[in-house]
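K.L.:
take this sequence and fold it.
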Amino acid sequence: MTLTLKDQLDLTAIRKQFPVLDQSVNGNPLIYFDNAATTQKPLAVISEIGRYYTEDNANIHRGIHTLAERATAAYENTRKSIAQFINANESEEIIFTKGTTDSINLVAHSLGGSVLKPGDEVLISCMEHHSNIVPWQLICEKTKAVLKIIPINDKGELIFEEFLNLLSERTKIVSMVHISNTLGTINPVKEVIAAAHKWGAKVLVDGAQATPHNKIDVKSLNCDFYAFSGHKMYGPTGVGVLYGKRSLLEAIPPYQGGGEMIKEVSFTQTTYNEIPFKFEAGTPNIAGVTALNKAIEFVQSIGLDQISHHENMLLLRATTQLSEIEGFQPMGTASEKASVISFNVEGVHPFDLGVLLDAKGIAIRTGHHCTQPLMDRFKVEGTVRASFAIYNTFEEVDQFVSALSNLIKKLR
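P.N.:
Residues are numbered from 1 along each chain as shown. All right, here's what the predicted structure looks like:
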């Protein structure tokens, strides 16, 4: 039996937790469809940031006074929550970073800088975000390794046979997006990981778009590293997570030097701290990490199965209605797809649609979405992108499509 929104969710109650949604933009009620860029924050997350600064503001780990101990406990509780959230073996395998980009740079620098030699190869896909392209270009240039690209088909799906053909004894690292921020394609990362491991390669998964929508089990995936950002799953900006297998985190060198990541320092030699602290130099975003725990609690209070089902229904409704618009040109029609729809309309520039929709209070994104090589693959400059979250409604989808249809008629 197919469940309806009413059967599953009290959307009114959910939306009340997001104060930013209760406003008008350009004289119209806000419709926020830019969730792939960043999600809005529930009151629990916003309140926790204020609570930390008004009650517990202190640096962590090194203080013995009460505020420092409370701040440390809250910070480390988030680490434990994340380990459970993604089913890591232990909380020490969770590294706090500034975001997915920072996490990928850490792995590229620390792992790539350690294992890559001239002639070695790093594989990424054609659909990667710039944050999963540029760090590998930098480390390949430094180590004289070779960056190779796994092609995709016209539906925006990984060509798995081509991936298998690219694998060899020269493949040392595979880094791939779990869900494309532009196409919405859900990649078969478990199969990718298994195939790469047969050649001894290590695998990093960019999970920035996956963690808000799907259950993540790093033990089941058997990935070596998994990266994601707090702000794309209802948490604060400036906070990210890197999961890594203990054996690898212990083996690779630190990414940055400074306080916290050391055991002993002298002018002749420094010894490094245990994981995870080895990779957390300096004072972190303590308030952000603490508030991220509230974002996880929010997601868990609804359930990722419920969230995914709701968003998939929104995607289906939007895709069905948009397909009726003359000249509609979708980009990304994979059979396994998350709640992102990227498209153009024949004869209309996506930037014009973005500006005119904003005038109606509808927030979508236009441009290349930090995936310029993907745009080159499809021979377009950019697209319109609408992306959905748990607080979006059928009515908002209907209003978006109606407004878009009317604008297209006027522009033509």
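
K.L.:
how about the secondary structure of the residue in the chain sticking out farthest from the centre?
P.N.:
Within the chain, Thr268 marks the point farthest from the mean C-alpha position, 40.4 Å out by CA atoms, centre = their mean. In the three-state summary, Thr268 is assigned as coil, counting by DSSP: H, G, I helix; E, B strand; the rest coil.

K.L.:
Gly258: neighbour count?
P.N.:
Gly258 is surrounded by 12 other residues when neighbours are defined as other CB atoms under 10 Å. In this view, the C-beta of every residue, glycine as well, is placed from N, C-alpha and C.

K.L.:
please enumerate the helices of the stretch 101-250 of the chain.
P.N.:
Taking DSSP state H, counting those that start in this stretch as the criterion, the stretch 101-250 of the chain carries its helices at 113-115, 134-143, 160-166, 189-197, 218-221, 246-251.

K.L.:
out of those, nearest to Val401?
P.N.:
In this view, the helices of the stretch 101-250 of the chain are compared for proximity to Val401 by CB to CB, and helix 189-197 is the closest at 31.9 Å.

K.L.:
who's in contact with that closest one?
P.N.:
Counting contacts by CB atoms under 8 Å, 6 or more residues apart in numbering, the residues outside helix 189-197 that touch it are 123, 158, 160, 163-164, 167, 171, 174, 176, 178, 202-203, 205, 220-224.

K.L.:
run the last query once more with 10 Å
P.N.:
Helix 189-197 is touched from outside by 123, 125, 150, 158, 160, 163-164, 167, 171-174, 176-179, 188, 201-207, 210, 217, 220-224, 226, with contacts defined as CB atoms under 10 Å, 6 or more residues apart in numbering.

K.L.:
can I get the buried ones among these as something I can paste into ChimeraX?
P.N.:
Selection of buried members from the contacts of helix 189-197 for ChimeraX, criterion 16 or more other CB atoms under 10 Å:
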select :123,125,150,158,163,167,171,172,173,174,176,177,178,179,188,201,202,203,204,205,206,207,210,221,223,224,226
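
K.L.:
domain parsing of this structure, as residue ranges.
P.N.:
5-32+303-411, 46-300 (automatic domain parsing).

K.L.:
would TSV of those domains with distance to Thr38 and mean pLDDT be doable?
P.N.:
Conversion of those to TSV gives the following (distance: least, CB to CB, whole Å; pLDDT from 0 to 100):
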stretch	distance to Thr38	mean pLDDT
domain 5-32+303-411	10	94
domain 46-300	5	95
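
K.L.:
ok, which of these comes nearest Gln40?
P.N.:
With distances scored as CB to CB, the stretch of the domains of the chain nearest to Gln40 is domain 5-32+303-411 (4.9 Å).

K.L.:
still on that earlier bit, deepest-packed of the domains of the chain, please.
P.N.:
domain 46-300 (a mean of 19; mean count of other CB atoms under 10 Å).

K.L.:
against Ser103, how distant is the closest residue to Ser180 other than its chain neighbours?
P.N.:
Setting aside the residues directly before and after it, Ser180 is nearest to Met127 in space (CB to CB, 6 or more residues apart in numbering), at 4.6 Å. According to CB to CB, to the nearest Å, Met127 stands 19 Å off from Ser103.

K.L.:
the stretch 201-350 of the chain: strands as residue ranges?
P.N.:
Along the stretch 201-350 of the chain, counting by DSSP state E, counting those that start in this stretch, strands occupy 202-206, 225-229, 240-244, 262-265, 270-272, 328-331, 340-345.

K.L.:
hang on, the earlier thing: a markdown table please, covering the domains of the chain and showing distance to Gln40.
P.N.:
Converted to a markdown table, these look like this (distance: least, CB to CB, whole Å):
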| stretch | distance to Gln40 |
| --- | --- |
| domain 5-32+303-411 | 5 |
| domain 46-300 | 7 |
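
K.L.:
got the contact list for Leu106?
P.N.:
In this structure, Leu106 makes contact with 95, 97-98, 135, 204, 225, 227, 240, 242, 244, 252, 254-256, 279, judged by CB under 10 Å, 6+ apart.

K.L.:
next: Arg246.
P.N.:
Arg246 neighbours (CB under 10 Å, 6+ apart): Ala88, Asn89, Glu90, Glu92, Glu93, Ile275, Pro276.

K.L.:
in strands only, show me those.
P.N.:
When these are checked against strands using DSSP state E, none is located there.

K.L.:
between those, which is closest to Ala338?
P.N.:
Within the contacts of Arg246, distances to Ala338 taken as CB to CB reach their minimum at Ala88, with 22.5 Å.

K.L.:
state the distance from that closest one to His368.
P.N.:
Taken as CB to CB, the spacing of Ala88 relative to His368 amounts to 34 Å.

K.L.:
just Ser229 next, same as before
P.N.:
Counting by CB to CB - Ser229 and His368 are separated by 19 Å.

K.L.:
of all the contacts of Arg246, which comes closest to Tyr75?
P.N.:
Comparing those against Tyr75 with CB to CB picks out Pro276 as the nearest, at 11.2 Å.

K.L.:
roughly how far apart are the closest one and Asn222?
P.N.:
For Pro276, the distance to Asn222 (CB to CB) stands at 20 Å.

K.L.:
kindly report the same for Thr383.
P.N.:
34 Å.

K.L.:
go on, Ala73?
P.N.:
32 Å.

K.L.:
what do you get for Phe267?
P.N.:
The gap separating Phe267 from Asn222 is 43 Å, by CB to CB.

K.L.:
how about Ala58?
P.N.:
39 Å.

K.L.:
which parts of the stretch 301-412 of the chain are helices?
P.N.:
Taking DSSP H, counting those that start in this stretch to define them, one finds helices in the stretch 301-412 of the chain at 304-322, 350-359, 372-378, 394-411.
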